[in-house]
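Q: heads up, no residue letters with this:
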């Protein structure tokens, strides 16, 4: 498989930790910012804002301002973003299936190499 800089940059933008987790939530249905933030323990407001902007810029998410008082913003996955649902689900399933084996490998590595 041949990779170029554009492919790597795109993967950096859509496959980072927060983007994958954000998409896993929004693929279930549109969400408002605070609802999304509550569903992702450990994410800061700044990190969530940056990730949402990046995903919106790449055409993966759409941002819709609701004319309510106060104004609310809802995020939904685009048709392009939906094409990532299956590969990301496969990745989550792999992580669930092999988490124990990865933990075992990490423990063995740490025992053998410690704090080198």
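A: Ah, there it is. Predicted model only: the values in this text are computed from it and were never measured.

Q: Can you tell me how far residue 85 is from residue 50?
A: Relative to residue 50, residue 85 is positioned 22 Å away (C-beta to C-beta, to the nearest Å). In this view, the C-beta of every residue, glycine as well, is placed from N, C-alpha and C.

Q: can you give me the offset of the longest helix seen in the chain from its chain's centre?
A: Using DSSP state H, we find that the single longest helix of the chain is helix 85-113. How far helix 85-113 lies from its chain's middle: 17 Å, per C-alpha atoms, centre = their mean, to the nearest Å.

Q: swap in stretch 25-45?
A: 10 Å.

Q: For that stretch, which residues meet the burial criterion?
A: By neighbour count on 16 or more other C-beta atoms under 10 Å, the buried set for stretch 25-45 is 26, 27, 31, 33, 36, 37, 40, 43.

Q: same thing with stretch 87-98?
A: Neighbour-count burial for stretch 87-98, counted by 16+ other C-beta under 10 Å, picks out residue 88.

Q: What are the contacting residues of that stretch?
A: Stretch 87-98 is contacted from outside by 20, 23, 24, 27, using C-beta atoms under 8 Å, 6 or more residues apart in numbering.

Q: sorry, back to before: may I see the buried residues of stretch 25-45 arranged in TSV, with distance to residue 93 and secondary structure as well?
A: Listed next are these as TSV, based on distance: C-beta to C-beta, whole Å; DSSP: H, G, I helix; E, B strand; the rest coil:
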residue	distance to residue 93	secondary structure
26	19	helix
27	14	coil
31	22	strand
33	28	helix
36	22	helix
37	25	helix
40	19	coil
43	22	coil
